[in-house]
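Novice: task: produce atomic coordinates for the following.
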Amino acid sequence: MKTAVEIAETSTTASVFADFKELTKVRLAVSVVFSAIAGYLLGAPVVQVWPILLLAFGGYCMVGASNAFNQVIERDLDALMKRTRNRPIPAGRMSVSTAMVTAIVLTLLGIVSLYILNPKTAMFGAISIFLYTSVYTPLKTVTPLSVFVGALPGAIPFMLGWVAATNEFGIEPGTLFMIQFFWQFPHFWALGWMLDDDYRKGGFKMLPTGKKDTGTLLQIIMYTIWMIVISIIPVFGITGRLQLSVPAAVIIFIMGMVMLLFAFALYGKRDNPTARKLMLASVSYITLMQIVYVIDKFL
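Specialist: Numbering: from 1, shown residues only. Sure, this is the predicted structure:
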């Protein structure tokens, strides 16, 4: 049987690990790594395990670093909001210095890992951290335009995988970037609609018009339509090596239309449960769309 000291040490280790996962937002980081690997599989002439492992590790480090820096900067505001007040720093379970050291170490590990793949990948990874922490985060309490700035680093992962596989930036990774760029607006504004009251407590201006109104809903619908259009562009053969078969394009189009129906439902009902359904539909869309792209390449 374990002694009291051993039980305490196990509990402490588990607590530290849980706080690390929360500091780095593990679910978000894993979804970003998934997008990057999908981009790699689309771009790689020959799939190799070692680059995928480097990309996954480096990608997680970069996202984790961005989230850690973000939580250091916003620690006082996080304490004001219900959904964030139990994060490690505002809850007092982690010091600011510990979080900063963690963020810096993750940044260095991430850049080095991505640089081993190629310098362009490391550059885009570094740009994403800079934009997220130095531009997007400070703007969140200033203007709703912060979401547009935040969509730039948020759109990099899908593209990053292609660059990691090819060491090239052209029409193909540019298209992957635009798909994820336009997707973020209906996704994040649905989340912003749900959490608007909590965001206001922290002083965050996240909805495009600043409030839950018709203007916000129309923009959600508009950006969903743009997302659908960009997602099927490769079927027309104008995006270089990034191609999409007609059956795959039809599947992606149908998935996009389902998401658009949820956007119209929110326009009609204007309540939080419907916004949650749109948010969940958007998560399903981006995941399934990337899977369809990858499967279509290898069939």
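Novice: tally up the residues packed near R276, please.
Specialist: Applying other CB atoms under 10 Å, we find 16 residues neighbouring R276. C-beta coordinates here come from the backbone N, C-alpha and C atoms, glycine included.
Novice: residues in contact with it?
Specialist: With contacts defined as CB atoms under 8 Å, 6 or more residues apart in numbering, R276 is in contact with 190, 194.
Novice: how close does it sit to S282?
Specialist: R276 sits 11 Å away from S282 when distances are taken as CB to CB, to the nearest Å.
Novice: any shared contact partners between those two?
Specialist: Contact criterion CB under 8 Å, 6+ apart; residues shared by R276 and S282: A190.
Novice: any idea how many residues pack against A249?
Specialist: For A249, the number of neighbouring residues by other CB under 10 Å comes to 18.
Novice: and it, what element?
Specialist: Following DSSP states H and E, one finds A249 within helix 246-269.
Novice: give me the contacts around that helix.
Specialist: Contacts of helix 246-269 from elsewhere in the structure, counted by CB under 8 Å, 6+ apart, are 186, 190, 193, 214, 217-218, 220-221, 224-225, 227-228, 231-232, 234-235, 244, 274-275, 277-278, 281-282, 284-285, 288-289, 292-293, 295-296.
Novice: next structured bit after it?
Specialist: Counting by DSSP H and E, the element after helix 246-269 in chain order, helix or strand, is helix 272-298.
Novice: for that next one, buried residues please.
Specialist: 272, 274-279, 281-282, 285-286, 289-290, 292-294, 296-297 (16 or more other CB atoms under 10 Å).
Novice: that one to helix 246-269, inter-axis angle?
Specialist: Here helix 272-298 runs at 170 degrees with respect to helix 246-269, directions being taken by axes from the mean of the first three to the mean of the last three CA atoms, to 10 degrees.
Novice: now do helix 272-298: distance to the chain's middle.
Specialist: Between the centre of helix 272-298 and the centre of its chain there are 13 Å (CA atoms, centre = their mean, to the nearest Å).
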